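*Asks:* Take a look and give me a structure for this.
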Amino acid sequence: MALPAPVQDLCDHFLLLAERELPAGLLTGLYLHGGVVFDEWAPQQSDVDFLATVAHRPEPAEVEALRGVHAQMATYSSTRFDGPYMLAADLACDPRTLPPVPEMISTRKLEILASPSRMITWHELAQAGITVTGPELSTLQVWTDKQALRDYTVGNLDTYWRRNAEGLTRATPADLPTDERERGYLLSHCILASVRLHYLLVTGEMTAKSCAGRWALMHYDERWHRVLAEGLHLREASGESGYADQADLLGDVRDFLAHVVETTTGKPVASA
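*Replies:* Take a look at the predicted model:
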């Protein structure tokens with residue numbers, strides 16, 4: 001599968017920096033997951049999610065070299081380039097059992113951590129991951145467990161997304177980012193990222209945000225079609241908004257996210 005040009009460019013630049021800045025032989029592979037592996041790229045909103053394999057657990061000096069690489073990546077492009085540095089052998093293990101490793105996260109910091117979201121990473125790599133460099137994913141053993149993935153998904157809806165839904169009950173349009181791009185990302189994320197998890201629970205498969213949104217237009221009651229269409233509009237920068245009033249939109253996003261959480265967890269969202 002040919003990568004979108006901005007994704008290919010970011011990967012190429014990263015590999016160039018890695019060759020120049022990292023000890024020889026440290027980086028052994030680069031693999032992509034996330035929306036791009038499901039053939040979805042939203043230029044104004046998508047980031048690039050990667051998993052890099054390394055020859056050994058990076059030493060402190062090597063971690064600093066990785067920080068330097070990602071600092072240069074951040075100045076090169078505003079598109080986030082996020083992911084962990086693992087051993088290839090780690091892919092055969094339940095990610096919950098692995099030690100903390102260097103990982104570039106959405107705050108544009110390289111941290112040493114053990115992220116529960118690697119449950120998603122492993123399954124996306126196994127289902128549709130893309131090999132940029134290194135041994136083909138098809139030749140590597142990647143651990144999966146459908147029930148563990150389902151349990152993680154319900155837990156994520158019952159914790160992270162429940163907190164977001166409860167927070168929206170107290171929000172007003174004045175609380176939204178003033179930057180139009182950031183505001184659009186936040187609102188579309190609340191709509192489509194939550195639906196993507198519901199899609200997984202219903203179908204047993206993983207997909208990207210816009211694909212999940214289109215599925216939801218067929219799966220959800222007509223009551224929610226306007227806000228779903230708005231999520232697609234904001235993510236894809238296509239068509240026209242169905243909302244003239246931000247308070248109206250925020251209210252529908254709030255009610256919709258509460259509906260998704262309540263539907264998938266069986267428990268109501270607390271109101272303000």
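
*Asks:* which other residues reach stretch 110-129?
*Replies:* When contacts are defined by Cβ atoms under 8 Å, 6 or more residues apart in numbering, stretch 110-129 is touched by residues 31-34, 37-38, 49, 51, 63, 66-67, 70, 83-84, 91, 95-96, 98-105, 137, 142-144, 148-149, 152, 205-206. Heads up, the C-betas are built off the backbone N, CA and C, glycines and all.

*Asks:* let's see it at 6 Å
*Replies:* For stretch 110-129, contacts defined as Cβ atoms under 6 Å, 6 or more residues apart in numbering pick out 31, 33, 37, 66-67, 70, 95, 100, 102-105, 137, 142-144, 149, 152, 206.

*Asks:* Which members of these are classed as buried?
*Replies:* With burial judged by 16 or more other Cβ atoms under 10 Å, the buried subset of the contacts of stretch 110-129 is 31, 33, 37, 66, 70, 95, 102-104, 137, 142-143, 149, 152, 206.

*Asks:* Of those residues, just say which sits nearest to Gly25.
*Replies:* Leu66 (14.5 Å; Cβ to Cβ).

*Asks:* by contact count, what packs against the helix or strand where that closest one lies?
*Replies:* For Leu66, the enclosing helix or strand under DSSP states H and E is helix 60-76. Applying 3 or more Cβ pairs under 6 Å, 6 or more residues apart in numbering; DSSP states H and E, we find helix 60-76 packed against helix 5-21, strand 101-104, strand 110-113.

*Asks:* Can you convert the ones you listed into JSON lines and add a column each for mean pLDDT and distance to Ala212?
*Replies:* Listed next are the helices and strands packed on helix 60-76 as JSON lines, based on pLDDT from 0 to 100; distance: least, Cβ to Cβ, whole Å:
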{"stretch": "helix 5-21", "mean pLDDT": "97", "distance to Ala212": "20"}
{"stretch": "strand 101-104", "mean pLDDT": "97", "distance to Ala212": "25"}
{"stretch": "strand 110-113", "mean pLDDT": "94", "distance to Ala212": "27"}
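
*Asks:* Closest one of the buried ones among the contacts of stretch 110-129 to Ala2?
*Replies:* Ala2 has its nearest neighbour among the buried ones among the contacts of stretch 110-129 in Val37, at 12.5 Å by Cβ to Cβ.

*Asks:* That closest one contacts Ile130, correct?
*Replies:* Yes. At 5.2 Å, Val37 and Ile130 qualify as touching, with contact defined as Cβ atoms under 6 Å.

*Asks:* domains for this protein, by residue range?
*Replies:* Here the domain parsing of the chain from automatic domain parsing is 5-139, 146-265.

*Asks:* Format those domains as JSON lines; extra columns: distance to Ser271.
*Replies:* JSON lines is the format used below for these (distance: least, Cβ to Cβ, whole Å):
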{"stretch": "domain 5-139", "distance to Ser271": "28"}
{"stretch": "domain 146-265", "distance to Ser271": "5"}
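
*Asks:* What's the end-to-end length of stretch 19-35?
*Replies:* 27 Å (Cα to Cα, to the nearest Å).

*Asks:* buried ones in it?
*Replies:* 22, 26-27, 29-35.

*Asks:* Quick check: the two most widely separated of those?
*Replies:* Leu26 and Gly35 (27.9 Å).
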